[in-house]
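Participant: predicted model and sequence follow; I will ask about them next.
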Amino acid sequence: MGKGQHASQALLGSVAEIIDSPHNKIAFTGISSDSFKSVSRTNTSLFDDSPVNETSEKSQTVTTAHQTSGHSSHPQQQHSDGKRKHGRLASFAGNELPHQKPPEMEDVPLFTRVTAYLSFMLIMMIAHVEDFFGMLFLPQKYVHLRVQNGYAPMVSDFDSMWTRHFYFRMLDCFNRPIGSVAGGYVKLCERISHDYNRTIHYTGRLQNVLNLASYNYLGFAQGEGVCADRAIKEMAENRLTQSSTRAEAGRTRLLVETEEMVARFVGTEAALIVSMGYATNALNIPSLVGEGCLIISDALNHNSIVSGARLSGSVIRVFKHNDTRDLEKLLRRSIIQGQPRTHRPWRKILVIVEGLYSMEGEYCNLPKIVELRRKYGFYLFLDEAHSIGALGKRGRGVCDLFNVDPREVDVLMGTFTKSFGAAGGYIAGNRELIDYLRLHSHSAVYAEAMSVPVLAQVSSSMRMIMGEDRENALEGQQHLEQLAVNSRYFSQKLKELGFMVIGDHGAPIIPLMLFNPTKMLAFAHECHKRNIAVVVVSYPATTVITSRVRICVSSAHTREDLDYALEQISEIGDLLMLKIHKNRVKKLE
């Protein structure tokens, strides 16, 4: 690289630092906010498939340390020592937002932090010592970590150690098979192990437990009722599936009607239904952006978004979770510097966020992000997998919650696997965008069309929520109201008991912090003894010392169900010393 290029990069870096200064907000000569907008969206559209100039250098894909399970993270941007910055969400269009950010993990007691680190370090030390002597005296057990016949090992030493010494000891907490519909209650297939989970045996018995683990937000996951009857009727008339892609013989009347209903529900011109929720992100994002484009992704976006971004071939950059200041800083720097090496303007800039983050129970700061969209002219992709149906007075997601016009969002994505008790997902937007995806998206051209009973489940549950099913409109509204009441009640009661609960008040996902990884196993076992099903989460889905219980509240839960769960969780909290805010609660009383 020549001196001229070094000087050019140094100058660009200096200019970016000046812009990022809080005292210089687009106040330097020659560039205004309108100029930024023109740089981002000049002569391009979201579904423009025109190739990048052949003389330009090939864009370098900047891979980031996204997690490969649960959701993604960046090592320098995820929670550190239980601390995180949170600012109050700004008001939008003169209206106060419905919820205020609560204080979260900034005041974790020192004792809790120290014991969490010591516990993890002790487990690591024992694992390393055991592996060291095992390789010396029992080498046959570690053959899989050595090069064999010129082939490298399939897994790294650390991955193998983590799986053998951590995961297998907690294996009975995960992947529990069920023997019934996952409604308000669910039947677990009982299983036992006599050799520390090396082998697991099924007893043949079923255990009926309170289900606080499934994403059954609106209670539509049930084997009887209006939705189930509609699915049975459609199967009798149209069979199970067309055994074809929608581009060939899979485009049915029910599919077209359901897509039109989804568009009306979310407030857009058109919608595209995909038969798999994961593929809705992974196979549609590459159709929207490619070489010469920039994807700016939240640090905790779901793995399906990470996969789609990597498949697209675009440059990927990550901003701190839910930090709109860091997002704006990254936008300015990226627009000024342009594409890697050539510094040419980006063909497109796509910002991807989630409406409700599944591990954090937090809403995205949509009003501020929309404000930045107007200012800088990027395209906005909003993943509402967990928020659609669960948030807002009408159940229409974070746009409904924050009174944001859906037309302010370029691409609305959602799934039917949570609130609607079905499967698959959708992409919604203007008609030109959806028509483009129908022709170019692999999920539309190559994937099999959604099956008939699933479409019937989606359409019937959505009609109830929208009020289009006049006979059951009241029931649909009751589902929405009951979910909101249950979410607020359960979260507030946990805080009053002294637990550390993070996330936004009113979200149906309630993360209860454990911190110590060994307490995760004990908590899961104690809940199982008390006939309660919960999800426990630890590394690599979270950082090492931010282990948690993810509680999912449903409208199918009664007040008696929630009170029973609170009573049992309170006893477990006393047993495991989880009520780290107990003294604070006493002072308030």
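Facilitator: Yep, that arrived.

Participant: C-alpha from now on. contacts and neighbour counts both.
Facilitator: Fine.

Participant: the helices in the stretch 51-200 of the chain, which residues?
Facilitator: Listed in chain order, the helices of the stretch 51-200 of the chain (DSSP state H, counting those that start in this stretch) span 110-137, 157-162.

Participant: quick check: buried residues in stretch 143-154?
Facilitator: Within stretch 143-154, the residues scored as buried using 16 or more other Cα atoms under 10 Å are H144.

Participant: worst mean pLDDT among the helices of the stretch 51-200 of the chain?
Facilitator: Here the lowest mean pLDDT among these goes to helix 157-162, at a mean of 88.

Participant: okay, buried residues for it please.
Facilitator: Of the residues in helix 157-162, those with enough neighbours to count as buried (16+ other Cα under 10 Å) are 160-161.

Participant: which secondary structure elements does that helix contact?
Facilitator: Applying 3 or more Cα pairs under 8 Å, 6 or more residues apart in numbering; DSSP states H and E, we find helix 157-162 packed against no helix or strand.

Participant: from here on, call the first residue 36.
Facilitator: That works, and once the first residue is 36, the last one we named lands at helix 192-197.

Participant: what's next to that helix, contact-wise?
Facilitator: 162, 166, 180 (Cα atoms under 8 Å, 6 or more residues apart in numbering).

Participant: picking up where we left off before, got the helices of the stretch 86-235 of the chain as JSON lines, with distance to D470 columns?
Facilitator: As requested, these are arranged in JSON lines below (distance: least, Cα to Cα, whole Å):
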{"stretch": "helix 145-172", "distance to D470": "52"}
{"stretch": "helix 192-197", "distance to D470": "44"}
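
Participant: so which of those helices is nearest H540?
Facilitator: Comparing the helices of the stretch 86-235 of the chain against H540 with Cα to Cα, the closest turns out to be helix 145-172 (23.8 Å).

Participant: could you give the separation of the closest one from the chain centroid?
Facilitator: Taking the mean of its C-alpha atoms, helix 145-172 sits 31 Å from the chain's own mean (Cα atoms, centre = their mean, to the nearest Å).

Participant: buried ones in it?
Facilitator: Neighbour-count burial for helix 145-172, counted by 16+ other Cα under 10 Å, picks out 147-148, 151-152, 154, 159, 162, 166.

Participant: now do it: which elements does it pack against?
Facilitator: Counting by 3+ Cα pairs under 8 Å, 6+ apart, the packing neighbours recorded for helix 145-172 are strand 544-550, helix 552-564.

Participant: quick one: which of these is nearest S369?
Facilitator: The minimum distance between S369 and those falls on strand 544-550, with 33.7 Å, by Cα to Cα.

Participant: surely V579 touches T553?
Facilitator: No. Under the criterion of Cα atoms under 8 Å, V579 lies out of contact with T553, with a separation of 11.1 Å.

Participant: tell me which of the helices and strands packed on helix 145-172 is the most buried.
Facilitator: Ranked by average neighbour count under the criterion mean count of other Cα atoms under 10 Å, the helices and strands packed on helix 145-172 are headed by strand 544-550 at a mean of 26.

Participant: elements contacting that strand?
Facilitator: Helices and strands in packing contact with strand 544-550 are listed as helix 145-172, strand 582-587; criterion 3+ Cα pairs under 8 Å, 6+ apart.

Participant: which among these is found nearest to K222?
Facilitator: If we rank those by Cα to Cα, the stretch that ends up nearest is strand 582-587, at 16.8 Å.

Participant: could you check the angle strand 544-550 makes with that closest one?
Facilitator: 160 degrees (axes from the mean of the first three to the mean of the last three Cα atoms, to 10 degrees).

Participant: in its sheet, what does strand 582-587 sit against?
Facilitator: The pairing partners recorded for strand 582-587 under DSSP bridges are strand 544-550 (antiparallel), strand 570-572 (antiparallel).

Participant: want to throw the ones you listed into TSV with mean pLDDT and distance to A344?
Facilitator: Shown next, in TSV, are the strands paired with strand 582-587 (pLDDT from 0 to 100; distance: least, Cα to Cα, whole Å):
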stretch	mean pLDDT	distance to A344
strand 544-550	95	26
strand 570-572	94	25
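
Participant: including distance to S422, could the ones you listed go into JSON lines?
Facilitator: JSON lines is the format used below for the strands paired with strand 582-587 (distance: least, Cα to Cα, whole Å):
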{"stretch": "strand 544-550", "distance to S422": "10"}
{"stretch": "strand 570-572", "distance to S422": "19"}
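
Participant: noted, bye for now.
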